[in-house]
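In: When you get a sec, could you give me coordinates for this:
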Amino acid sequence: ITVWEEESFQGKRCEFLMECPSIMERNFRKIRSIKVESGPWVGFEYPEYQGQQFILEKGDYPRWEAWSGNSGYRTEHLLSFRPIKCAVRVAAPSGSHLPARILGCSLGLKFSLKHCPSSFCFLHWRDTSQAGVP
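Out: Take a look at the predicted model:
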């Protein structure tokens, strides 16, 4: 994720690969524009992951409207952010030499996210075959 202190990707800029509990610790006053290279991330209105939260998927956020949308809650800056962490659980059939992710794609398996109270999400697969043929 790359963040800028001003709108339209102007002013001071910094790139992050991990969470940031307070952008002010990096000598920023605020975040006013964002580019997410891979995600998703969660941006927070206040330091230490407090206040209104905004999901930031891959893409460009040149102004506050891009992340807050039509929610009716106007937050013109973000002060902390972190990636959304997901754990992947995909089982490959015994004897398979393919990585589970590749196997899942090649067999046409569908994946679904399941909510867990631990704030992590888990990816489960199910067979979408017809007549017992994957």
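
In: Going by C-alpha atoms from here, please, whenever you check contacts or count neighbours.
Out: OK.

In: which residue ranges form the helices in this protein?
Out: 64-68, 100-106 (DSSP state H).

In: Below-threshold pLDDT in the protein: ranges please.
Out: 70-72, 86-134 (pLDDT under 70).

In: Going along the chain, name the strands of it.
Out: Taking DSSP state E as the criterion, the chain contains strands spanning 2-6, 10-15, 33-36, 41-46, 50-56, 59-61, 80-83, 86-88, 110-115, 121-126.

In: what comes into contact with the fourth one?
Out: The reference is to strand 41-46. 22, 49-57, 75, 77-84 (C-alpha atoms under 8 Å, 6 or more residues apart in numbering).

In: hmm, try it at 6 Å
Out: Residues from elsewhere that reach strand 41-46 (C-alpha atoms under 6 Å, 6 or more residues apart in numbering): 51-56, 78-84.

In: what about burial for those residues, which qualify?
Out: 53-56, 78-84 (16 or more other C-alpha atoms under 10 Å).

In: quick one: Ser68 from Glu76, how far?
Out: 9 Å (C-alpha to C-alpha, to the nearest Å).

In: Looking at those two, which one has more neighbours?
Out: The neighbour comparison of Ser68 against Glu76 (other C-alpha atoms under 10 Å) goes to Ser68, with 20 against 16.
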